[in-house]
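Enquirer: need a structure here:
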Amino acid sequence: MQNVTCKLRGLEKSFGQNHVLKGIDLDLRAGEVTALMGANGAGKSTLVKVLCGYHFADAGNIELGGHPFAPIDAADAISKGVVTVHQSIDDGVIPDLDVATNLTLDRLTEPGVGLFVNDRKLRQQARQVAESMGLTMDVRTRVADLDVADRQMIAIARAMARSPKLLILDEPTSSLSASEAERLFTLIDRLRAEGVAILYISHRMSDIRRVADRIVSMRDGAISGIFESEPLDYVGAVNAMLGHQMTEVDIDPVSGGEVVLNIDNLKLFEDSREINFTAREGEVVAFTGLLGSGKTRLAEIIFGLAAPEGGRLQLDGQDYLPKEAADAVSKGVFMSPKDRSVNAVVQDFDIANNMTLPFLKAFSRFSFLSDRAQRKASDEMIGKIGVVCQTNSDGIDTLSGGNQQKVMIGRWLLKASRVLLLDEPFQGVDIGARRDIGRYIRRTANGRTTLVFVAEIDEALEIADRIVVLNEAAIAGEYLNKNVDLNSLVADVSGPGERLALAG
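Expert: From the prediction side, this is the model:
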């Protein structure tokens with residue numbers, strides 16, 4: 001029996017009337033990777049924030065290494081050996097500082113360091129940390145100048161430099177390529193061998209198969225299942241997370257009408273295989289696959305944000321190759337991007353201005369914007385899609401993540417389109433908001449074809465008439481959303497040689 005590094009008993013947390021954690025009992029053991037799964041709103045983030053000192057528990061207790069553990073803040077948690085790498089990359093790095101300073105920042109604040117820093121020694125220490133992670137960039141490089149994947153690896157490397165007892169990784173591979181993820185997994189193997197307890201939050205099947213010793217599922221603020229028998233039961237864990245069989249969905253799939261979008265021998269990348277696909281009027285098609293499968297690239301090509309390496313697209317029977325996003329919009333092809341904080345939300349605008357932004361001309365007359373028309377349209381969409389707010393004049397930053405996402409999707413539903421592209425429309429939203437969004441997308445599907453790009457299989461099953469699996473930028477499988485063979489679907493998502501041992 002492994003030593004218990006962190007013991008949680010009877011953990012409770014509420015925000016007003018919202019009971020978020022309901023009696024959490026969990027042991028996190030030394031030298032073991034516990035994969036934590038839960039749908040949006042299950043309580044995962046709150047549990048992590050209690051562990052790393054962002055929130056205090058209302059009841060229950062935590063022990064770390066056999067001693068009471070109640071961190072007063074994140075710095076206190078870190079000093080005691082609980083280190084978290086958050087999903088938001090810039091929570092773990094300071095973009096305006098160079099790599100060396102980021103990797104050694106915690107050492108610079110230790111007592112006794114003094115006022116003067118030996119720059120040469122600092123960079124030498126930073127190189128040692130970087131090399132332990134397999135990082136090859138110049139440590140003098142400013143972190144803001146690195147790509148997203150490298151910034152994520154810097155955040156993880158910084159966490160490793162703190163010699164954690166309990167390491168919490170929140171969706172750590174969400175911005176990493178397959179090779180970068182493998183570097184992380186190799187490091188996790190090493191930390192596990194050294195006796196570090198690891199809490200790994202992810203839905204990615206290949207991640208869980210690669211690193212998890214056991215799976216813990218959460219639903220509605222409670223632990224709904226623990227799976228630690230070999231082989232790990234992924235489907236059982238997902239069913240426990242959802243509260244129903246993954247394939248139990250209330251959808252009567254439609255076959256669609258006339259062909260709206262035809263994709264012929266399309267190559268997403270120079271060395272990828274060709275894609276052939278047809279989307280029909282009135283149907284909702286979900287594309288799913290792991291990171292790097294080509295989902296976002298396909299959406300970007302259809303929306304004019306990227307150029308294909310070959311092949312042909314047709315829209316309503318006519319050749320279609322948009323030069324830019326504005327060209328796509330003019331032809332009735334709309335897209336809601338996956339990262340609303342970077343690509344969609346304008347923080348200084350209110351709800352109405354955010355929602356109507358792409359269609360200001362439609363609310364203008366003689367170059368004058370009609371505020372009345374703009375706000376009337378916003379109010380109608382707020383009611384239809386269920387945005388919870390006081391008025392359309394509320395600042396967008398006053399809304400929850402789920403309601404911000406409803407505004408972003410409502411933006412592209414204000415006007416009729418022929419092709420609606422939704423890249424990760426459920427990202428950062430709770431189960432209720434997800435279902436509101438999904439129902440409205442399906443209810444308004446007539447007159448267009450809707451392509452939804454999602455990483456999570458359960459999200460695809462909840463919204464689509466058809467599910468198309470992408471693997472290595474090619475179509476690996478296609479399924480009508482009725483009595484889906486889940487084993488086959490999961491195998492297609494995971495790719496050759498990655499079939500999970502499934503039960504149930």
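Enquirer: Assign the nearest residue to residue 482 once chain neighbours are set aside to helix, strand or coil.
Expert: Counting by Cβ to Cβ, 6 or more residues apart in numbering, residue 253 is the residue found nearest to residue 482 once chain neighbours are left out, at 5.5 Å. Every C-beta, even on glycine, is put in place using the N, C-alpha and C of the backbone. Three-state call for residue 253 (DSSP: H, G, I helix; E, B strand; the rest coil): coil.
Enquirer: Might you report the residue contacts of residue 253?
Expert: Neighbouring residues of residue 253 by Cβ atoms under 8 Å, 6 or more residues apart in numbering: 283, 464, 465, 466, 480, 481, 482.
Enquirer: Can you spell out which helices and strands pack onto the helix or strand containing residue 299?
Expert: Using DSSP states H and E, residue 299 maps to helix 295-302. Under the contact definition 3 or more Cβ pairs under 8 Å, 6 or more residues apart in numbering; DSSP states H and E, helix 295-302 sits against strand 259-267, strand 284-288, strand 333-336, strand 419-423, strand 449-454.
Enquirer: pLDDT below threshold where in the stretch 1-150 of the chain?
Expert: The stretch 1-150 of the chain contains residues with pLDDT under 70 at 1, 40, 87-92, 105-119, 121-122, 132-134, 147-149.
Enquirer: the strands in it, which residues?
Expert: Here the stretch 1-150 of the chain has its strands, by DSSP state E, counting those that start in this stretch, at 4-15, 18-29, 33-38, 59-64, 67-68, 82-85.
Enquirer: Can I get those in a markdown table including distance to residue 231?
Expert: Output for these, formatted as a markdown table (distance: least, Cβ to Cβ, whole Å):
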| stretch | distance to residue 231 |
| --- | --- |
| strand 4-15 | 24 |
| strand 18-29 | 20 |
| strand 33-38 | 14 |
| strand 59-64 | 31 |
| strand 67-68 | 36 |
| strand 82-85 | 28 |
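Enquirer: just to revisit the earlier point, contacts for the helix holding residue 299?
Expert: Under Cβ under 8 Å, 6+ apart, the answer for helix 295-302 is 261, 266, 268-269, 275, 287-289, 306-308, 313, 328, 333, 335, 338, 419, 421, 423, 451, 453-455, 470, 473.
Enquirer: Just give the nearest non-adjacent residue to residue 141, would you?
Expert: residue 99 (5.4 Å).
Enquirer: List the contacts of that neighbour.
Expert: 126, 130, 135, 137, 138, 139, 140, 141, 142, 143, 146, 154.
Enquirer: So which of the residues you listed is surrounded by the most neighbours?
Expert: residue 154 (27 neighbours; other Cβ atoms under 10 Å).
Enquirer: looking at this, it is in a helix?
Expert: Yes. Remark: residue 154 belongs to a helix, assigned using three-state DSSP.
Enquirer: my read: it touches residue 143, true?
Expert: Yes. The pair residue 154 and residue 143 qualifies as a contact (Cβ atoms under 8 Å) at a distance of 6.0 Å.
Enquirer: Can you point out the buried residues in stretch 54-66?
Expert: 54, 55, 57, 60, 62, 64, 65 (16 or more other Cβ atoms under 10 Å).
Enquirer: give me the number of residues near the spatially closest residue to residue 375 that is not a sequence neighbour?
Expert: Leaving aside its chain neighbours, residue 375 sits nearest to residue 352 (4.9 Å; criterion: Cβ to Cβ, 6+ apart). Residues within reach of residue 352, counting by other Cβ under 10 Å, total 24.
Enquirer: Distance of residue 352 relative to residue 325?
Expert: Distance of residue 352 to residue 325, computed by Cβ to Cβ, to the nearest Å: 22 Å.
Enquirer: Could you report the distance from residue 447 to residue 383?
Expert: 20 Å.
Enquirer: Kindly indicate whether the residue lying closest to residue 346 once chain neighbours are set aside is helix, strand or coil.
Expert: Nearest non-adjacent residue to residue 346, counting by Cβ to Cβ, 6+ apart: residue 354, 5.7 Å away. Recorded secondary structure, residue 354: helix (three-state DSSP).
Enquirer: Tell me, how many residues neighbour residue 354?
Expert: 24.
Enquirer: How about residue 243, nearest residue that isn't a chain neighbour?
Expert: residue 219 (5.4 Å).
Enquirer: sorry, back to before: out of the contacts of helix 295-302, which are buried?
Expert: Using 16+ other Cβ under 10 Å, the buried ones in the contacts of helix 295-302 are 261, 266, 268, 275, 287-289, 308, 313, 328, 333, 335, 338, 419, 421, 423, 451, 453-455, 470, 473.
Enquirer: starting at the chain centroid, how far to stretch 316-330?
Expert: 28 Å (Cα atoms, centre = their mean, to the nearest Å).
Enquirer: and it, average pLDDT?
Expert: Per-region confidence: stretch 316-330 scores 93 on mean pLDDT.
Enquirer: could you dump stretch 305-314 to PDB, C-alpha only?
Expert: Backbone C-alpha positions of stretch 305-314 (Å, rounded to 0.1, in the frame of the first residue of the first chain) are rendered in PDB as follows:
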ATOM      1  CA  LEU A 305      -8.200  32.000 -41.900                       C
ATOM      2  CA  ALA A 306      -5.900  29.500 -43.500                       C
ATOM      3  CA  ALA A 307      -5.200  28.100 -46.900                       C
ATOM      4  CA  PRO A 308      -5.500  24.400 -47.800                       C
ATOM      5  CA  GLU A 309      -2.500  22.500 -49.300                       C
ATOM      6  CA  GLY A 310      -4.700  21.100 -52.000                       C
ATOM      7  CA  GLY A 311      -8.200  20.100 -52.900                       C
ATOM      8  CA  ARG A 312     -11.500  21.900 -53.600                       C
ATOM      9  CA  LEU A 313     -14.400  23.400 -51.600                       C
ATOM     10  CA  GLN A 314     -17.800  24.100 -53.000                       C
END
